[in-house]
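Participant: curious how this folds, go ahead:
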Amino acid sequence: MGSIAELIQTALQHHQAGRLAEAEAAYQDALHADPRNVDAQHFLGVIAFQRGAHERAEKLISQAIAWHHANAPALGLRFGGLAYSPDASEGLLGRFWAVLESPASELLTGFTTRPPRT
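Facilitator: Numbering: from 1, shown residues only. A predicted model of the protein is given here:
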């Protein structure tokens with residue numbers, strides 16, 4: 001097993017190539033080495049979403065945000081695209097807006113009105 005950074009890099013390469021099983025295994029390895037690794041947790045949520053497990057995706061991504069609240073706006077924006085996809089749950093969409101409306105996101109301007117879901 002390599003360093004956590006190497007595990008995440010390997011996972012991202014697999015993920016970008018569409019090898020979700022291999023990416024998931026590498027993210028899990030990173031979480032085993034660092035149980036609060038925000039990137040691994042977040043991208044496991046992305047994989048869950050890609051597989052249609054939207055409730056699991058919401059839980060994983062929300063946990064990543066909880067672990068690294070100072071970076072919540074950035075993490076929230078990273079899953080904003082997921083939240084607005086036609087298949088997303090209302091819970092994921094609500095969590096996305098909760099992040100944007102949180103005090104930690106005060107540096108984000110222009111995101112004060114929820115756009116309609118299409």
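
Participant: can you pull the poorly scored residue ranges out of the chain?
Facilitator: For the chain, the stretches flagged by pLDDT under 70 are 1, 68-81, 83, 87-89, 91-93, 95-118.

Participant: show me where it has its helices.
Facilitator: 4-16, 20-33, 38-50, 54-67, 72-78, 80-83, 90-100 (DSSP state H).

Participant: out of these, deepest packed?
Facilitator: Most buried of the helices of the chain by mean neighbour count (mean count of other C-beta atoms under 10 Å) is helix 38-50; its value is a mean of 22. In short, each C-beta sits where N, CA and C put it, glycine included.

Participant: could I get stretch 31-40 in CSV with only the CA atoms?
Facilitator: Output of stretch 31-40 as CSV, limited to C-alpha atoms (Å, rounded to 0.1, in the frame of the first residue of the first chain):
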residue,chain,number,x,y,z
LEU,A,31,-10.2,5.4,4.3
HIS,A,32,-8.7,2.4,6.0
ALA,A,33,-5.4,4.2,6.3
ASP,A,34,-7.1,7.5,7.2
PRO,A,35,-10.7,7.0,8.4
ARG,A,36,-11.6,10.7,8.1
ASN,A,37,-10.1,11.3,4.6
VAL,A,38,-12.5,13.8,3.1
ASP,A,39,-11.5,13.2,-0.5
ALA,A,40,-12.0,9.4,-0.3
